[in-house]
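[1] model the structure of this input:
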Amino acid sequence: MKTLTIIGAGISGLVCGIYAQRSGWQTTILEKAGNPGGVSTSWKRKGYTFEGGIHWLIGAKSGVPLNDIWTETGALRENNPVFFKDPIYTLMDGGVQLDLRRDLRTLAKFAPEDRIPLAIMRFHVWCFTFFHSPVQDLGGLNVRHPRGFSLMEFIKMGPAVLLTPLLMSFSAGRYIKRFRNPHLRRLLEAVVDPQINALSLIYTLSSFTSGDSGYPEGGSLRMAQNMADTFTSLGGRILYRTPAVEVSHKGVRTEDGIMQSDAVVISMDARTAIDKLFNPRLEAPWATRMRRKLRTAQCMFIALGVKTDLSERPRCMQIVLGEPLRAGGLEFGTLTVNNYSRDAEYAPEGCTVLTCILPGPSYVYWKSAREAGNYLGLKQQAIADFICILSMILPEISGKVEVTDMATPLTYERYCDTFEGSYMSEWRPWHFCANAPIRLKKGLYFTGQRTAFSGGLPVAAETGRRTAQTLCKDFGAEFVSRNG
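    Numbers count the residues shown, from 1 in each chain. Here you go, the predicted model:
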């Protein structure tokens, strides 16, 4: 039996480990943190659970190809049924309230002046209804349960393939500006960062309208723990609080010594790994391009435990502010606030969890603050300002906030070793990410979000499976995707 060491128990590392273990490898996963999931995680504070990972899961719908990976790896099972919320977002702008529902036709009733651009957007979304990343097998691989890509699938995806170059050529913000109604524009800005390309906006909307993209009960941590349980039930081993120090020709060196293995898969952030895990640091041409061209998607995350019931408020609120919130050297005119009042596991009875992601490049700001010694003070000020502004919109929470927490890019960097604290690569118009190859050489591989463009859980899952197949092909092993 060949031995495999995987660095990182994030989603991609878990997917790769499960498929490798099932295919006959004796696999050990080294994880720096004390729990699985990587960036896709949640945590508890004084009886409250703060969801810091999943807000919707592409591939949650049965019959979608990506759903096969989630079911084969045990990510989705009986203990985390999927809830498909509708509306997805609710705009709150003064006295105006507007829902983004899975049926986009409802928007035309609110903004009749945008009837034509809305019809065009619905057509674009329809084109991507049948689009999906093909979950197929590598050529020349011995597969026990082969997967194909049918001609009919390709025909259905034709309109999306033809439309892709156009949507990649400009930003989501530019796409949204074609709408005259200001409330409609602000609502659509909640879906994706307006700076990334318009393809991301249309693809995300299509996942909603097709009935996909639900939220698994228990969130990201339960889903990751399900995968970890699947892995260990197959005989795999996870060593928590065991960071990798260096990759060598013998295996992986940890603080306790060298773990020898026949193959190594690096599932941590490849941009961090090329400088941190190799001695001397990796100087391959692709690594040079990655150091020079990589764009990182960064964010701040604020969470509140509130001693009041907000079940009458929308699940996800896009709140337009009268005065901007200033945090991390950035200004925010809108806040996207997730309301977990209907999720009984997330808070004590009669209480609520509220979370908000503040996107933007704030790593340098927070790093300078830490060096100046006022990092914690600035975090506390940002939280206080956030509560003050939010209390004006949701007066029910005034004086009722009893638990607070805030993550900055430095938090993600410290816990997950992500480069500049980023949670994925940023995919701007006509910008292709500088990615790591899945196969560096026989016996040494990368997997995860730095090996394919953009990011998110779909990329993590697909690359984890592809890396496991590449590994099996190199060593002549049969790839087994599921039991039986």
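[2] buried stuff in the top strand by length along the chain?
    Longest strand of the chain, by residue count under DSSP state E: strand 316-327. For strand 316-327, the neighbour count (16 or more other CB atoms under 10 Å) marks C316, M317, Q318, I319, V320, L321, L325, A327 as buried. In this view, the C-beta of every residue, glycine as well, is placed from N, C-alpha and C.
[3] any idea which helix or strand carries the residue nearest to L234 when sequence neighbours are not counted?
    Excluding the flanking residues, the one nearest L234 by CB to CB, 6 or more residues apart in numbering is Q21, at 4.4 Å. If you go by DSSP states H and E, Q21 is part of helix 11-22.
[4] show me what that helix is packed up against.
    Counting contacts by 3 or more CB pairs under 8 Å, 6 or more residues apart in numbering; DSSP states H and E, helix 11-22 is packed against strand 3-7, strand 26-31, helix 65-72, helix 219-233, strand 263-266, helix 457-475.
[5] next SSE after the shortest one?
    Pointing back at strand 263-266 there. helix 270-276.
[6] what residue spans form the domains of the chain?
    Following the assignment in automatic domain parsing, the chain carries domains at 3-79+216-295+422-475, 105-133+149-210, 299-416.
[7] export those domains as TSV, with columns for mean pLDDT and distance to G94.
    Converted to TSV, the domains of the chain look like this (pLDDT from 0 to 100; distance: least, CB to CB, whole Å):
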stretch	mean pLDDT	distance to G94
domain 3-79+216-295+422-475	93	25
domain 105-133+149-210	92	10
domain 299-416	96	7
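[8] most tightly packed of those domains?
    The highest mean neighbour count among the domains of the chain, using mean count of other CB atoms under 10 Å, belongs to domain 3-79+216-295+422-475: a mean of 21.
[9] what about that domain, start to end distance?
    11 Å (CA to CA, to the nearest Å).
[10] gap between that domain and the chain center?
    Centroid displacement of domain 3-79+216-295+422-475 relative to its chain, using CA atoms, centre = their mean, to the nearest Å, is 12 Å.
[11] also stretch 380-391?
    26 Å.
[12] who touches that stretch?
    300, 302, 304, 319, 321, 323, 325-328, 335, 337, 354, 356, 397-398, 401, 404, 406 (CB atoms under 8 Å, 6 or more residues apart in numbering).
[13] mind listing the strands the longest strand of the chain pairs with, and their directions?
    strand 89-93 (parallel), strand 330-339 (antiparallel) (DSSP bridges).
[14] nearest to A347, of the helices and strands packed on helix 11-22?
    Nearest of the helices and strands packed on helix 11-22 to A347, taken as CB to CB: helix 219-233 at 12.9 Å.
[15] what's the first helix or strand after the closest one?
    Assigned by DSSP H and E, the successor of helix 219-233 is strand 237-240.
[16] which strands and helices sit next to that following strand?
    So strand 237-240, by 3+ CB pairs under 8 Å, 6+ apart, packs with strand 26-31, helix 219-233.
[17] now do the first one and helix 219-233, the angle between them.
    It refers to strand 26-31. 150 degrees (axes from the mean of the first three to the mean of the last three CA atoms, to 10 degrees).
[18] now for strand 26-31, which elements pack on it?
    strand 3-7, helix 11-22, strand 237-240.
[19] dump the helices and strands packed on helix 11-22 to CSV, plus distance to R186.
    Shown next, in CSV, are the helices and strands packed on helix 11-22 (distance: least, CB to CB, whole Å):
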stretch, distance to R186
strand 3-7, 42
strand 26-31, 40
helix 65-72, 30
helix 219-233, 27
strand 263-266, 41
helix 457-475, 26
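[20] of the ones you listed, which is nearest I202?
    Of the helices and strands packed on helix 11-22, the one closest to I202 (CB to CB) turns out to be helix 457-475, at 15.3 Å.
[21] show me where the stretch 251-400 of the chain has strands.
    Per DSSP state E, counting those that start in this stretch, the stretch 251-400 of the chain carries strands over the ranges 251-254, 257-260, 263-266, 296-297, 299-306, 316-327, 330-339, 352-359.
[22] so what touches the second one?
    The reference is to strand 257-260. T3, T5, T28, L30, S248, K250, G251, V252, R253.
[23] again, only this time at 10 Å
    3, 5, 28, 30, 239, 242, 244-246, 248, 250-253 (CB atoms under 10 Å, 6 or more residues apart in numbering).
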